[in-house]
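In: What would the 3D arrangement of this be:
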Amino acid sequence: MEADSTTAEQEYECDSSTGHRENILLNELSRNYGYFRQIVLPMLRNGNEKDLLEWMREFNLIQPSVKCAKSLPDCRMVITASKVVDKYQWQCKTCNQKVQIRENSFFKNVYCPLQTIFKIILAWCQDMDYEHLSNVFGLKKQVVCGIYDKIERAVYGRPLYQLGGFGIVLLVDLYPDFVDELYPVSSKNDSAIKTQHKILCLADTNEIPTRYWLHVINGSFSFPSENNNTTFKKMNMCDETLHVIEKFALPGGLCAIGGGVHLTSLRENLRSSSMFEGVITMNHLTTHSNVDMQTFMINRIWNPIIRLCEAAQDLPKNKIQSYLSCALWRWQMESSDPFLSLVHLISQQDYKIPTNNKNSSKPR
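Out: Predicted coordinates for the structure are as follows:
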């Protein structure tokens, strides 16, 4: 097997001006990222490639071991220094068979150095513009976009938390319906509101900052499988919203649902189920809350979500869910270390190509 990381190293080298801009950007991006700055950044310098690979093996970002394709009795693959971009590759001590370090990993078919990929992962955590990154790192835009796409597939549809639970009030509403309820006087005309994509909004009132989940209404519900294939089941809006709540919310507690006409059937179905201890309307909850809670419910709970949903309206419909998932992920990770959490998430994905169905490996 020919290792496809044997591309000449000079293909990825940057000129001095690019290197200077890269250093300025890295100092800016890593300022509040202690783990990246102290642990990862030193390994990204020239001469530390072996340390970087060992760290990647410890985090399961690359395979800890591989088998030789010839499978002779004495075959044994070891990491050896080589004149390839990654500086090392797997090589059989018996038959000299070679396999690239990136085989069956997130980094497969990403045509830039490993060091640059980790810098771009850090930039993604801060929602850095991909065109700016392509200029700074001297890469083609499609290379940076490809890395962003791989990250977004790892994050897509995987909230950090389930919402609600016993003793907690779960809020459920539909964008843009609640915009008219909260802000009757709107600068937007009725036709603009009606043509917008509807987004189901869930909020957990027990946490500070508030935890959210957003789901764009598609008329279907997706079930991602372990090999990155996705099965879609067509359903009406009521069934779709019900499936989302069952998947992303914990049973128990109180569920407060917006008063919009599109959620009437959902309220009835949830009341007839045993998932929640009680199902009420948002107006009922607000009326029976204290002044502070009323202010929070009316003026604050949906404000950041409205801005996010409005920003998503200009995107193609098949891109909205990915955009919302990634925005929420960044938002919820602000208080921790997004880079380290994302590295762990990437390491948990299965990038192996099924041997019995090569076509099924194509990502969503």
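In: thought residue 89 was touching residue 102?
Out: No: the criterion here is Cβ atoms under 8 Å, and residue 89 misses it with residue 102 at 9.2 Å. In short, each C-beta sits where N, CA and C put it, glycine included.
In: Tell me which stretches of the stretch 201-350 of the chain form helices.
Out: Shown for the stretch 201-350 of the chain, the helices assigned by DSSP state H, counting those that start in this stretch span residues 237-248, 264-272, 282-287, 291-295, 303-312, 317-332, 338-347.
In: Looking at the ones you listed, which is nearest to residue 48?
Out: Minimum separation from residue 48 across these (Cβ to Cβ) falls at helix 338-347, 17.2 Å.
In: orientation of the closest one relative to helix 317-332 in degrees?
Out: Counting by axes from the mean of the first three to the mean of the last three Cα atoms, to 10 degrees, helix 338-347 lies at 130 degrees to helix 317-332.
In: And helix 338-347, what does it pack against?
Out: In this structure, helix 338-347 makes packing contacts with helix 114-125, helix 141-155, judged by 3 or more Cβ pairs under 8 Å, 6 or more residues apart in numbering; DSSP states H and E.
In: What is the last one packed up against?
Out: The one in question is helix 141-155. helix 114-125, helix 130-137, helix 317-332, helix 338-347.
In: about what we covered before: weakest of the helices of the stretch 201-350 of the chain by average pLDDT?
Out: Lowest mean pLDDT within those: helix 291-295, a mean of 70.
In: so what's the residue nearest to the spatial centre of the chain up against?
Out: Central residue of the chain (Cα atoms, centre = their mean): residue 155, 2.1 Å from the mean position. Residue 155 is in contact with 325-326, 329, 342, 345, counting by Cβ atoms under 8 Å, 6 or more residues apart in numbering.
In: Sort out which of these are buried, if you could.
Out: Buried subset of these (neighbour count, 16 or more other Cβ atoms under 10 Å): 325-326, 329, 342.
In: then stretch 88-96 to PDB, C-alphas only?
Out: Listed next in PDB are the C-alpha coordinates belonging to stretch 88-96 (Å, rounded to 0.1, in the frame of the first residue of the first chain):
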ATOM      1  CA  TYR A  88       6.900   9.400  10.200                       C
ATOM      2  CA  GLN A  89       4.800   6.500   8.900                       C
ATOM      3  CA  TRP A  90       3.900   2.900   9.700                       C
ATOM      4  CA  GLN A  91       6.300   0.400   8.100                       C
ATOM      5  CA  CYS A  92       6.500  -3.300   8.400                       C
ATOM      6  CA  LYS A  93       9.800  -4.600   9.700                       C
ATOM      7  CA  THR A  94       9.500  -7.800   7.700                       C
ATOM      8  CA  CYS A  95       8.100  -6.900   4.200                       C
ATOM      9  CA  ASN A  96       8.600  -3.100   4.200                       C
END
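In: List the buried residues for it?
Out: Buried, per 16+ other Cβ under 10 Å, within stretch 88-96: 88-92, 95.
In: Just send those back as JSON lines, with pLDDT too.
Out: Shown next, in JSON lines, are these (pLDDT from 0 to 100):
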{"residue": "88", "pLDDT": "92"}
{"residue": "89", "pLDDT": "92"}
{"residue": "90", "pLDDT": "93"}
{"residue": "91", "pLDDT": "92"}
{"residue": "92", "pLDDT": "92"}
{"residue": "95", "pLDDT": "90"}
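In: so what are the domain limits for this protein?
Out: What automatic domain parsing lists as the domains of the chain is 9-157, 163-332.
In: Please compute how far the shortest one lies from its chain's middle.
Out: When C-alpha coordinates are averaged (Cα atoms, centre = their mean, to the nearest Å), domain 9-157 and its chain have centres 19 Å apart.
In: contacting residues around residue 124?
Out: Contact partners of residue 124, counting by Cβ under 8 Å, 6+ apart, are 147-148, 151, 342.
In: Low-confidence bits of the chain, can you list those?
Out: 1-18, 157-160, 180-195, 219-235, 293-299, 353-364 (pLDDT under 70).
In: so who does the closest residue to residue 140 other than its chain neighbours touch?
Out: In space, and not counting its chain neighbours, residue 140 is closest to residue 134: 6.5 Å by Cβ to Cβ, 6 or more residues apart in numbering. Going by Cβ under 8 Å, 6+ apart, residue 134 touches 140-141, 143-144.
In: Now for residue 333, how many residues are close by?
Out: Residue 333 has 17 neighbours, counted by other Cβ atoms under 10 Å.
In: Verify the stated contact: it with residue 340.
Out: No: look at residue 333 against residue 340 with Cβ under 8 Å: they stay out of range, at 9.5 Å.
In: Right, I'll call it a day here.
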